[in-house]
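Chemist: next come a sequence and a model predicted from it.
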Amino acid sequence: RWKFYSLYQGFWGTLKSIQLDLLIPGETLYVHFMRERPKLNLRRPLVLWSLSLAIFSIIGAFRTGLYMLHVLTTSGFRQSVCDISFYSAPVSKFWAYAFVLSKAPELGDTVFIVLRKQRLIFLHWYHHITVLLYSWYSYKDQVAGGGWFMTMNYVVHSFMYTYYAARAAGLRVPRPCAMIITATQIMQMVMGLAVLGLVYHWMHEVRCPSYMDNIAWGSLMYLSYLILFALFFYNSYLKGSSGDKGMKQP
């Protein structure tokens, strides 16, 4: 097996120990820690943090997008869904590996929210934790559909973290930009459900390797995201709420 996957397998036992019973109390502890303390001015660190994640996501979107485009144009849509060479092809394997590893440091978004005493909404921490766990387990099993999931996430994060870097730098970003990002995320969830449905449909007809528990949990995850992001969009933009100040998008 290629070296990145071998390395991943080597410390998989350590990674899987980070479960909800550790992450949720950890975030609760951060909130409690800051309750009686003044908020911190972290504008510059936040700009650097968001800009770093934006650059990482842009490069990742470009590299994985090119590979997915190659599979689509040479082998068709079905193969783009069922193909698992995404995990082992010369370039995409690195960005697949980088993707799953990036889900751990992305929890740092929560630290900035808490230290700046912004509102930590359920959608934020729920999304971070479930994406982290699902990404790690899916990468371990190298299931079909991963190319689509990772590429879509890279693309959305490219826009999202660029937006947050601009906001943190004090730039005035038109409100429709936030609306477009949230709408794009809603479409991402719809596409995620569609890909999982196709994997289920094709897994017994052609080589489209996956597991029923992965499909079931993935579908529940994407469906919950779809509902939560749709509610967020409605409450933030259609009801005239100013909820975008505390939002944290995937």
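Modeler: Great, that's in hand. It should be emphasised that the depicted structure is a prediction, and the values quoted were computed from it without experimental measurement.
Chemist: where is the longest helix in the chain?
Modeler: In the chain, taking DSSP state H as the definition, the longest helix is helix 43-75.
Chemist: mind listing residues that contact the helix or strand following it?
Modeler: Counting by DSSP states H and E, the next helix or strand C-terminal to helix 43-75 is helix 77-82. By Cβ atoms under 8 Å, 6 or more residues apart in numbering, the residues outside helix 77-82 that reach it are 68, 71-72, 144-145, 147-148, 195, 198-199, 202, 206-209. Where you see a C-beta, it was placed from the backbone N, CA and C, and this is true even at glycine.
Chemist: from these, list the buried ones, please.
Modeler: Neighbour counting by 16 or more other Cβ atoms under 10 Å classes Met68, Val71, Ala144, Gly145, Gly147, Trp148, Val195, Leu198, Val199, Trp202, Cys208 among those as buried.
Chemist: and the fifth one, what pLDDT?
Modeler: In other words, Gly147. Looking at Gly147, its pLDDT reads 96.
Chemist: that one and Trp49: what is the separation?
Modeler: According to Cβ to Cβ, to the nearest Å, Gly147 and Trp49 sit 27 Å apart.
Chemist: what's the answer for the fourth one, then?
Modeler: When distances are taken as Cβ to Cβ, Gly145 and Trp49 turn out to be 30 Å apart.
Chemist: how about the secondary structure of Val111?
Modeler: Under DSSP: H, G, I helix; E, B strand; the rest coil, Val111 falls in the helix class.
Chemist: next: Val173.
Modeler: coil.
Chemist: residues in contact with it?
Modeler: Tyr163, Ala166, Arg167 are the contacts of Val173 under Cβ under 8 Å, 6+ apart.
Chemist: a markdown table for the buried ones among the contacts of helix 77-82, including distance to Asn214 and secondary structure?
Modeler: What follows is the buried ones among the contacts of helix 77-82, written out as a markdown table (distance: Cβ to Cβ, whole Å; DSSP: H, G, I helix; E, B strand; the rest coil):
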| residue | distance to Asn214 | secondary structure |
| --- | --- | --- |
| Met68 | 20 | helix |
| Val71 | 21 | helix |
| Ala144 | 9 | coil |
| Gly145 | 9 | coil |
| Gly147 | 15 | helix |
| Trp148 | 14 | helix |
| Val195 | 12 | helix |
| Leu198 | 14 | helix |
| Val199 | 9 | helix |
| Trp202 | 14 | helix |
| Cys208 | 12 | coil |
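Chemist: among those residues, which two are most distant?
Modeler: Met68 and Trp202 (17.1 Å; Cβ to Cβ).
Chemist: tell me which element Ala194 is part of?
Modeler: Assigned by DSSP H and E, Ala194 belongs to helix 175-202.
Chemist: could you give the mean pLDDT of that helix?
Modeler: 96.
Chemist: just checking, what packs against the helix or strand following it?
Modeler: Using DSSP H and E, the helix or strand that follows helix 175-202 in sequence is helix 212-233. In terms of contacts (3 or more Cβ pairs under 8 Å, 6 or more residues apart in numbering; DSSP states H and E), helix 212-233 is packed against helix 122-141, helix 175-202.
Chemist: in TSV, list these along with distance to Leu223.
Modeler: TSV is the format used below for those (distance: least, Cβ to Cβ, whole Å):
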stretch	distance to Leu223
helix 122-141	12
helix 175-202	6
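Chemist: right, and those helices - which one's nearest Trp217?
Modeler: With Cβ to Cβ as the measure, helix 122-141 is the member of those nearest Trp217 (6.7 Å).
Chemist: buried residues, that closest one. List them.
Modeler: 123-139.
Chemist: one step back: of the helices and strands packed on helix 212-233, which is nearest Val156?
Modeler: Counting by Cβ to Cβ, Val156 lies closest to helix 175-202 out of the helices and strands packed on helix 212-233; the figure is 5.5 Å.
Chemist: next, the angle helix 122-141 makes with the closest one.
Modeler: Inter-element angle recorded for helix 175-202 and helix 122-141: 40 degrees (by axes from the mean of the first three to the mean of the last three Cα atoms, to 10 degrees).
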